[in-house]
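Engineer: please find the sequence and the predicted model below.
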Amino acid sequence: MWPTFQLNYLAVVTAAVAAWAIGALWYSPALFARAWVAAHRYTPQDLERLKRSAGRAYAVSLLCYVLMAAALGILASYMALSLPHQGAQLGLLVWGGFALPLGLVAHVFSEKGWAAWAIDAGYQLVYLLAMSLIVTVWR
């Protein structure tokens, strides 16, 4: 039998939107857009193709963030976490134990530069910390 848990659905949605908003800033010209494009060696034609499919990509990413935020909220509930430092620890654990290794494995089988991996891994760290803090503290 699964243990019972409490999940604050508003916190889950807020955490997902926060991750999405962090991504909008992270990959904007104000932060890493130029470096990310250069690291992927995208041509102007590649960028136009990406723009055409951006709506679908944004929708899928938001759905994925909702799923991740719900999983983080369930973990926080199971572990009876409620303090900010506990949320930060959960975010670091999930990033270091799952996101970082999964991203690294995908990277070594790709033709992307290391700068692309570093930019993406940094984004994952920041949004997982933010999402974990939100769903842990706002229970």
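Structural biologist: That came through fine.

Engineer: burial measure for residue 22, as a count.
Structural biologist: 18 (other Cβ atoms under 10 Å). (Each C-beta comes from the backbone N, C-alpha and C, glycine too.)

Engineer: please point out which parts of the helix or strand hosting it sit buried.
Structural biologist: Using DSSP states H and E, residue 22 sits within helix 9-26. Residues of helix 9-26 classed as buried by neighbour count (16 or more other Cβ atoms under 10 Å): 11-16, 18-20, 22-23, 26.

Engineer: now do stretch 83-99
Structural biologist: By neighbour count, with 16+ other Cβ under 10 Å as the criterion, the buried positions of stretch 83-99 are 86-91, 94-95, 99.

Engineer: hmm, who's touching that stretch?
Structural biologist: With Cβ atoms under 8 Å, 6 or more residues apart in numbering as the test, stretch 83-99 has contacts from 72, 75-76, 79, 81, 121, 124-125, 128-137.

Engineer: which among those end up buried?
Structural biologist: Applying 16+ other Cβ under 10 Å to the contacts of stretch 83-99 flags 72, 75-76, 81, 121, 124-125, 128-136 as buried.

Engineer: and those residues, which two are furthest apart?
Structural biologist: Greatest spatial distance among those (Cβ to Cβ): 81 and 121, at 23.8 Å.

Engineer: just confirm residue 16 contacts residue 62, I think it does.
Structural biologist: Yes. With contact defined as Cβ atoms under 8 Å, residue 16 reaches residue 62; the gap is 6.2 Å.

Engineer: would you map the helices across the protein?
Structural biologist: Remark: helices assigned in the chain by DSSP state H are 9-26, 33-40, 44-52, 54-78, 84-94, 100-108, 114-137.
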